[in-house]
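**Q** Can you look at this prediction? I've put the sequence above it.
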Amino acid sequence: SLIFGVVHMTFGVMLSLWNKLSRKQYHQVLLEFIPQIVFLLGIFGYLVIMIFIKWIMYGANVADPFSEHCAPNLLITFINMMLMKEADVDIKMDKCHGAINYEIYMYPGQGGLQKL
């Protein structure tokens, strides 16, 4: 539902661009449309990408480091990103990674990208 919501909101913002251009309100494109689309796709577009990464990397029939009970919580990840807070190590997921160096992010560079 989140993916459909972001697609729907993006479509609405694109329709507003069409209205602004047809009415020759170019200043509103610069001052209204561009900040809206940057915020929408920068925040919620990133969340949709994270959902797809989680769907691809973690699954029910995958070995333990990438099984469904070892997948990170996207809600907590999103909240930590908004608060610019470092992600905490979840002690319950300690058994998921065993001898592997425990990484709290889904991909390398995620922590730095989320601080932008």
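**A** Received it, and whenever you're ready, just let me know what you need.
**Q** can you give me the helices for this protein?
**A** 2-22, 26-28, 34-39, 46-57, 74-82, 94-97, 110-115 (DSSP state H).
**Q** Kindly report which one of these carries the lowest mean pLDDT.
**A** Among these, helix 94-97 carries the lowest mean pLDDT, a mean of 68.
**Q** returning to that earlier point: ok, which of the helices of the chain comes nearest S67?
**A** With Cβ to Cβ as the measure, helix 94-97 is the member of the helices of the chain nearest S67 (7.2 Å). To be clear about C-beta, it is placed using only N, CA and C from the backbone, and glycine gets the same treatment.
**Q** tell me the contacts of the spatially most central residue of the chain?
**A** In the chain, the centroid-proximal residue (Cα atoms, centre = their mean) is L47; its distance is 1.8 Å. Residues in contact with L47 (Cβ atoms under 8 Å, 6 or more residues apart in numbering) are L2, V6, L74, F78.
**Q** Using neighbour counts, give me the buried entries of the residues you listed.
**A** V6, F78 (16 or more other Cβ atoms under 10 Å).
**Q** Now flag whichever of the contacts of L47 is closest to P65.
**A** Among the contacts of L47, and counting by Cβ to Cβ, the member closest to P65 is L74, at 17.8 Å.
**Q** how close does that closest one sit to L17?
**A** Distance from L74 to L17, counting by Cβ to Cβ, to the nearest Å: 29 Å.
**Q** same check, this time on M84
**A** 30 Å.
**Q** Give me the more crowded residue out of the two.
**A** Neighbours per residue (other Cβ atoms under 10 Å) separate M84 from L17, with L17 holding more: 16 against 8.
**Q** Could you check how far stretch 7-21 is from the centre of its chain?
**A** Its chain's average C-alpha position is 21 Å from that of stretch 7-21, according to Cα atoms, centre = their mean, to the nearest Å.
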